[in-house]
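Asks: Quick one: sequence and predicted model below, then my questions.
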Amino acid sequence: MKTIGVLTSGGDAQGMNAAVRAVVRTCVAENITVMGIREGYKGLIEGNIQELTARDVCDILGRGGTFLRSARCPEFKTEEKIQEAVHTCKEFGIEGIVVIGGDGSFRGARDLTLHGIPCVAMPGTIDNDIVCSDYTIGFDTAVNICIDLIDKLRDTCNSHNRCSVVQIMGKNAGWVTLEAGIAAGATSIIVPEVEFDFQRDIVDRIARGKRYGKNHFIVLVSEGLFFDVPSNKNYKYCVDNGIANIADFAKRVEKETGVESREAILGHVQRGGAPSAKDRVIATEMGNYCVNLLKNGISNRVVVMKETDIIDLDILEALKMEKPFDFKKYEMANMINI
């Protein structure tokens, strides 16, 4: 393979730049031309592509975001746009593509492979919701950002005897909320994967904390709690109880517990900032692995992490897998946190 393209797609995640750097540097070392595709599949359709050198990826290892830019491209699901992307690949001499993104990006890689453009994908999303991988690039950094911000909220909660009700990103999954809740010692951790009861999981837990002499509380709520999707076990409960958003949730906490409560939405700050050492290292390993697969004529694969090992799986099989929520860890958090 003489020319490989690389793109980042979907929501950005810390470590994407480290992955792109690894792809470029590996290609250069193997005498393979590498083409940077800007703005994901949108850029592939439009021909927003340029050759990258080792120098182009200097000093991006520790930068957040993706210097290639990213974009969501729902039109890439159509046959017409896929054919346009195939034409662009032939025009630029691209013989294979490394795709960095979430499950939607994986489906795009699958479609391109089925249309004759070999692709290998790797998971880049803070949500850690890729069903075939135990870890996704950006997750560790996002959790650490949450912990830092929650620690700051705790300071002001302590000063005013308040409860902070904090909305955490994660789309339809509660992985970031769970990990941040354990590390920050949140009184309650509310995620879409676990059915919750306001009395049991909020009111009773805050009452227990008061008995221990606690005067301030942190309640973490995954944003997925308010999404009407099959994986959310709590949407009907929220609707039936008039909880449409995090502000409603905080008002209900104050009403039911008597503790002054304020909502906080951490938002997209969770996607920014320098990637952690863990995200830099794993992204580098995965980027290198992807290029080696394409170099050896292997495509239609996803590079994932299983426990501590980086492996590759058939992309069609990977998309069919399920990722069970860590209920054991969730129960541990409820036991230990007050």
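Replies: Perfect, thanks for sending it.

Asks: And residue 207, how far from residue 18?
Replies: 46 Å (Cβ to Cβ, to the nearest Å). In this view, the C-beta of every residue, glycine as well, is placed from N, C-alpha and C.

Asks: neighbour-wise, which of these two wins?
Replies: residue 18 (26 against 13; other Cβ atoms under 10 Å).

Asks: wait, the more buried one sits on residue 275?
Replies: Yes - counting by Cβ atoms under 8 Å, residue 275 is a contact partner of residue 18 at 6.2 Å.

Asks: So for those two, which residues contact both of them?
Replies: Common contacts of residue 18 and residue 275, defined by Cβ atoms under 8 Å, 6 or more residues apart in numbering, comprise 137, 283.

Asks: Show me where the chain has its helices.
Replies: Along the chain, counting by DSSP state H, helices occupy 16-29, 40-46, 79-92, 103-114, 139-160, 175-184, 198, 204-211, 235-240, 246-257, 277-295, 315-318, 327-336.

Asks: got any ranges where the stretch 201-338 of the chain has weak pLDDT?
Replies: Within the stretch 201-338 of the chain, no range satisfies pLDDT under 70.

Asks: In TSV, list the helices of the chain along with distance to residue 131.
Replies: What follows is the helices of the chain, written out as TSV (distance: least, Cβ to Cβ, whole Å):
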stretch	distance to residue 131
helix 16-29	20
helix 40-46	21
helix 79-92	23
helix 103-114	7
helix 139-160	14
helix 175-184	12
helix 198	30
helix 204-211	31
helix 235-240	21
helix 246-257	27
helix 277-295	17
helix 315-318	7
helix 327-336	16
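
Asks: residue contacts, residue 279?
Replies: With Cβ under 8 Å, 6+ apart, residue 279 has these contacts: 14, 15, 18, 137, 138, 139, 140, 141.

Asks: Next, find the distance separating the first one from residue 231.
Replies: Taking Cβ to Cβ as the criterion, residue 14 is separated from residue 231 by 25 Å.

Asks: Compare the two (neighbour count), which wins?
Replies: Legend: neighbour count by other Cβ under 10 Å for residue 14 and residue 231, higher for residue 14 (31 against 15).

Asks: Surely that one and residue 269 touch.
Replies: No - look at residue 14 against residue 269 with Cβ under 8 Å: they stay out of range, at 11.5 Å.

Asks: What is the burial count for the closest residue to residue 172 other than its chain neighbours?
Replies: In space, and not counting its chain neighbours, residue 172 is closest to residue 224: 4.5 Å by Cβ to Cβ, 6 or more residues apart in numbering. Per other Cβ under 10 Å, the neighbour tally for residue 224 reads 25.

Asks: Enumerate every residue touching residue 224.
Replies: Contacts of residue 224 (Cβ under 8 Å, 6+ apart): 170, 171, 172, 173, 174, 191, 192, 231, 232.

Asks: and the nearest residue to the last one once chain neighbours are set aside, backbone torsions?
Replies: Yep, that's residue 232 we're talking about. Spatial nearest neighbour of residue 232, excluding adjacent residues (Cβ to Cβ, 6+ apart): residue 192 at 4.0 Å. In terms of degrees, to the nearest 10, the main-chain angles of residue 192 are phi -70, psi -20.

Asks: Next: residue 138.
Replies: Torsion angles at residue 138 (phi, psi; degrees, to the nearest 10) stand at phi 110, psi -20.

Asks: Could you measure from the closest residue in space to it that isn't next to it in sequence over to residue 94?
Replies: Distances taken as Cβ to Cβ, 6+ apart place residue 13 nearest to residue 138, at 2.8 Å, with adjacent residues excluded. To residue 94, residue 13 is 24 Å away according to Cβ to Cβ.

Asks: higher neighbour count, these two?
Replies: Taking neighbours as other Cβ under 10 Å, residue 13 and residue 94 compare with residue 13 leading, 33 against 25.

Asks: wait, what's in contact with that one?
Replies: By Cβ under 8 Å, 6+ apart, the neighbours of residue 13 are 124, 125, 126, 136, 137, 138, 139, 141, 142, 271.

Asks: Please report how far it lies from residue 137.
Replies: In terms of Cβ to Cβ, residue 13 sits 6 Å off from residue 137.

Asks: Between these two, which contacts overlap?
Replies: 124, 125.

Asks: burial of the closest residue to residue 185 other than its chain neighbours, as a residue count?
Replies: In space, and not counting its chain neighbours, residue 185 is closest to residue 337: 5.3 Å by Cβ to Cβ, 6+ apart. Number of residues near residue 337 (other Cβ under 10 Å) recorded here: 18.

Asks: my guess is residue 337 contacts residue 186, does it?
Replies: Yes - counting by Cβ under 8 Å, residue 186 is a contact partner of residue 337 at 5.9 Å.

Asks: wait, isn't residue 37 in contact with residue 49?
Replies: Yes - contact criterion Cβ under 8 Å: residue 37 and residue 49 qualify, at 5.2 Å.

Asks: Between those two, which is the more surrounded one?
Replies: Between residue 37 and residue 49, counted using other Cβ under 10 Å, residue 37 has the larger neighbour count: 31 against 19.

Asks: for stretch 229-245, how far is the first residue from the last?
Replies: 15 Å (Cα to Cα, to the nearest Å).

Asks: Please identify the buried residues of that stretch?
Replies: For stretch 229-245, the neighbour count (16 or more other Cβ atoms under 10 Å) marks 232, 234, 235, 238, 243 as buried.
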